[in-house]
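**Q** Next input, structure requested:
(chains A and B)
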Amino acid sequence: MSDLHKEVSELERKSATAARLFDIRRIIGGLFVVYGVIVTIAGINPSDADLKKAEGVHINLWTGLAMLALGLFFLIWMKLRPAQVPDEVPGTPES
Amino acid sequence: MQYLAEGLRLPTNGLDYTILAIYFVVVLGIGFAARASVKTSLDFFLSGRSLPAWVTGLAFVAANLGATEILGMAATGAQYGVAVVHWYWIGAIPAMVFLGLVMMPFYYRSKVRSVPEFLLQRFDRSAHLLSSILFAFAAILIAGVNLYALSIVVEALLGWDRWVAIVVAGVFVLLYITIGGLSSAIYNEVLQFFVILAALIPLTLLGLKRVGGWDGLTGSLEKQHGADFMSAWGGTGIGDANPLGANWLTIILGLGFVLSFGYWTTNFAEVQRALSAKNLSAAKRTPLIAAFPKIFIVFAVMIPGLVAAVIVPNIGSTRSGLTYNDAIPLLMRELLPNGVLGIAVTGLLAAFMAGMAANVSSFNTVFTTDIWQRYVKKDQSDAYYLRFGRVITAVGVLASIGTAFIAASFSNIMTYLQTLFSFFNVPMFVVFIIGMFWKRASMKSGVWGLVAGTTAAMVNYFVVYKQGIIDIPSDQGANFVSAIVGFVAGAVVMVAVTLFTAPKPEAELAGLVYGTTSPDADEAPEEGDDAWYRKPALLGWGAIVLAALCYLPYSL
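**A** Alright, predicted model coming up:
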């Protein structure tokens, strides 16, 4: 087996990413809930100028609600299917 | 690239800036939070090969969805009409599927950490060194293009000084990659993917409403530009004149086959995302998962481009004072009230930074593992290379600030990028494809294929086309032809060199070439990876069929 193979396999064994990296769903969920709330509030009572600009569509309201829904989707997904931290694997099979 | 027009200043307020500020805080937060996971150089450069497929897949598409791509493709839409779909449905999907289904097993199983490292295993050191240096150079250049484009947009839209924008964005990218490594870059790309969609979707829908829906859009543009403007293949017969300057053959071969395969399958800034996946199944699925959003993203950039062409009929001419690249900023100003406007500004800035970060995070890997570790300082401890990687990240960011100004002489950002890819990536693809499928291809054939392909593409572009020896109507069309020329030249030279030089010993090719077996026992598939919706073949062919179906309404 090549040297490269050995070197990378060795590094994979020592790698900490799988065990220590946080779950990105928490960040996406959190940010979109915050954005969703901000934009929804901005859209609850739009000024006439804003409405006219957006072709009469309550665009802040709809975008805000959609972002809120996406944020909640990620948080719920994470709750239902939490990431599995791999058990300490003693030596990989290919070593 | 031209400066964005004066007078595109957006009416941003405190609300928009709050949204932007929150994003910048989160970006840095991801960097710091990812720091705990960086223990080895493999963690820093390749996320320890441990990320799930949906994360790497979205990062794969987002790494390409830089703001140069977004503004550039909307510009292409405003200029050439519906023909912009070619860059997605024929110019990306087949290549992404090919990468996932055919090439990924060789890439991932061989445990290479970069695309050049594969060339080292398959060919020899000269091919490796040449491709490493070319890639490092191109990555910095493109990072610079992104940074420069960002500063122009920010100046036009927000009124910041260009230097402020360059320094702020550069420093943020520097910090979050230096601290958190590739995991931080990838996580930010995934986040950016959703923010940019949250910006583009409202813009697209409001834009359509403004011009009376798709029918209103079609009606106005067909009246202005003729029916071919709203059709994918109209006017692309060989010898026909069309604004793209390309015919169906150069579109399919040049853009669809050579350029896009070169870009998607051998550009390390993309492939790196797949190599960081946690197992072979996830690595194969990375570009396949990316293909599905890619099919539909075209609507969110093409439609704003087309709408801009209706609202400002003479966009792109000096009389309107607006360039094609202004399409999306123009609609943002015209249509978005504060709030969504803040999201849109954030999305654009996020896209610029992610486009730059993707190049910086691939540059540091190639520079450290392929150049420094291999040729300059061998056999140091892993901690040394990790430290070196962090230093070189900072150096890379500073260098890309320096190169930011090369981009100034082309009118369309995309043309500029594609010109580069046609020189660097075309020969890469031919060398890979021959190297992966022809055992006999000799050790020396790799480097000569690269040299011949790059030279031929450059000669075709700068001499044959620019000097007017053959007549190609546009830069875009000339790119497609140069790509084909580079591909053919690379292939011919590889075969010729192989006939006269020694093949690589068969034992060293195990797992690198089609028809050899990998030295690894197949890893046990992870639980759940055999679910039907995770089957690579189904995902891949599904994407191809879907892209073909998407062509139908624009071809009949």
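
**Q** helix/strand/coil for the residue in the stretch 51-200 of chain B that chain A sits nearest to?
**A** For the stretch 51-200 of chain B and chain A, the shortest gap (C-beta to the nearest C-beta) falls at B:K111, measuring 4.1 Å. C-betas here are computed from N, CA, C, even on glycine. Look at B:K111: counting by DSSP: H, G, I helix; E, B strand; the rest coil, its state is coil.

**Q** what residues are up against the closest residue to it other than its chain neighbours?
**A** Spatially, and ignoring its direct neighbours in sequence, B:K111 is nearest to A:V8 (4.1 Å; C-beta to C-beta, 6 or more residues apart in numbering or on different chains). Counting by C-beta atoms under 8 Å, 6 or more residues apart in numbering or on different chains, A:V8 touches B:42, B:49, B:111, B:113.

**Q** Most neighbours out of those residues, which is it?
**A** The residue in the contacts of A:V8 with the most neighbours, by other C-beta atoms under 10 Å in any protein chain shown, is B:L42 (31 neighbours).

**Q** And residue 56, which helix or strand is it part of?
**A** The chain I'm using is chain A. Under DSSP states H and E, no helix or strand contains A:G56.

**Q** actually chain B
**A** Counting by DSSP H and E, B:T56 is found in helix B:53-64.

**Q** Is there proximity between that helix and chain A?
**A** Yes: Helix B:53-64 comes into contact with chain A (C-beta under 8 Å from any C-beta of the partner chain), by way of B:V55.

**Q** Give the other helices and strands that that helix contacts.
**A** helix B:162-210, helix B:268-275, helix B:280-311, helix B:340-365 (3 or more C-beta pairs under 8 Å, 6 or more residues apart in numbering or on different chains; DSSP states H and E).

**Q** pLDDT (mean, whole number) over it?
**A** For helix B:53-64, the mean per-residue pLDDT is 93.

**Q** which parts of that helix are buried?
**A** B:53, B:55-64 (16 or more other C-beta atoms under 10 Å in any protein chain shown).

**Q** just the helices in chain A please.
**A** Ranges of helices in chain A, per DSSP state H, are A:3-14, A:17-20, A:24-44, A:48-53, A:59-80.

**Q** In JSON lines, list these along with mean pLDDT.
**A** As requested, these are exported to JSON lines (pLDDT from 0 to 100):
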{"stretch": "helix A:3-14", "mean pLDDT": "84"}
{"stretch": "helix A:17-20", "mean pLDDT": "80"}
{"stretch": "helix A:24-44", "mean pLDDT": "93"}
{"stretch": "helix A:48-53", "mean pLDDT": "82"}
{"stretch": "helix A:59-80", "mean pLDDT": "94"}
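
**Q** want to try a markdown table for those, with distance to B:F424 as columns?
**A** A markdown table is the format used below for these (distance: least, C-beta to C-beta, whole Å):
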| stretch | distance to B:F424 |
| --- | --- |
| helix A:3-14 | 24 |
| helix A:17-20 | 30 |
| helix A:24-44 | 31 |
| helix A:48-53 | 44 |
| helix A:59-80 | 37 |
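
**Q** check contacts around the spatially closest residue to B:L217 that is not a sequence neighbour.
**A** Setting aside the residues directly before and after it, B:L217 is nearest to B:V211 in space (C-beta to C-beta, 6+ apart), at 4.9 Å. B:V211 is in contact with B:217, B:220, B:307, B:310-311, counting by C-beta under 8 Å, 6+ apart.

**Q** again with B:A537
**A** B:L101.

**Q** B:I251 is in contact with B:I90, isn't it?
**A** Yes: using C-beta atoms under 8 Å, B:I251 is in contact with B:I90, at 6.9 Å.

**Q** So what's the residue count around B:S381?
**A** 9.

**Q** Might you list the low-confidence residue ranges for chain B?
**A** Counting by pLDDT under 70, the low-confidence segments of chain B come to B:1-7, B:239-241, B:243, B:405-422, B:519-525, B:527.

**Q** Just want the most central residue of it.
**A** Taking C-alpha atoms, centre = their mean, the centroid of chain B lies closest to B:N64, which sits 3.6 Å from it.

**Q** In space, what's closest to it - neighbours in sequence excluded?
**A** B:N64's closest residue in space is B:E270 (C-beta to C-beta, 6+ apart), at 6.5 Å.

**Q** how many neighbours does that neighbour have?
**A** 25.

**Q** And for B:D124?
**A** For B:D124, using other C-beta under 10 Å, the count is 17.

**Q** Over to it: give its phi and psi.
**A** phi -150, psi -170 (degrees, to the nearest 10).

**Q** contacting residues for it?
**A** B:443-444, B:446-447, B:504.

**Q** quick one: which of the residues you listed is most hemmed in?
**A** That'd be B:G446 among the contacts of B:D124, by other C-beta under 10 Å, with 29 neighbours.

**Q** how about the residue nearest to B:L217, phi and psi?
**A** phi -100, psi 20.

**Q** tell me the contacts of residue 59?
**A** You didn't pick a chain, so chain A it is. A:43, B:202, B:206, B:336-337, B:340.

**Q** not what I meant, chain B
**A** Per C-beta under 8 Å, 6+ apart, neighbours of B:A59: B:185-187, B:189-190, B:193, B:273.

**Q** who in the stretch 151-300 of chain B is up against chain A?
**A** B:183, B:187, B:190-191, B:194, B:198, B:201-202, B:205-206, B:209-210, B:278.

**Q** let's see 10 Å
**A** B:180-184, B:186-188, B:190-191, B:193-195, B:197-199, B:201-203, B:205-211, B:276, B:278 (C-beta under 10 Å from any C-beta of the partner chain).

**Q** Could you identify the buried members of the residues you listed?
**A** For those, buried by 16+ other C-beta under 10 Å: B:180-184, B:186-188, B:190-191, B:193-195, B:197-199, B:202-203, B:205-211, B:276, B:278.

**Q** mind checking the SS state of the nearest residue to B:A95 once chain neighbours are set aside?
**A** Of all residues beyond its chain neighbours, the one nearest B:A95 is B:W264 (3.9 Å), with distances taken as C-beta to C-beta, 6+ apart. Secondary structure for B:W264, judged by three-state DSSP, is helix.

**Q** where's B:W264 relative to chain A, distance?
**A** For B:W264, the distance to chain A (C-beta to the nearest C-beta, to the nearest Å) stands at 24 Å.

**Q** What distance do you get for the closest residue to A:L68 other than its chain neighbours to A:L75?
**A** Sequence neighbours aside, A:G36 is the residue nearest to A:L68 in space, at 2.8 Å (criterion: C-beta to C-beta, 6+ apart). Distance of A:G36 to A:L75, given as C-beta to C-beta, to the nearest Å: 11 Å.

**Q** Of those two, give the one with the bigger neighbour count.
**A** A:G36 (21 against 17).

**Q** burial measure for B:V463, as a count.
**A** B:V463 has 11 nearby residues by other C-beta under 10 Å.

**Q** Not including adjacent chain positions, what is the nearest residue to it?
**A** Per C-beta to C-beta, 6+ apart, closest to B:V463 is B:I469, 6.9 Å.

**Q** which two from the contacts of A:I59 end up farthest apart in space?
**A** Farthest apart among the contacts of A:I59 by C-beta to C-beta are A:G43 and B:L206. That separation is 13.3 Å.

**Q** which neighbours do these two share?
**A** By C-beta atoms under 10 Å, 6 or more residues apart in numbering or on different chains, A:G43 and B:L206 have these common neighbours: A:54, A:59, B:337, B:340.
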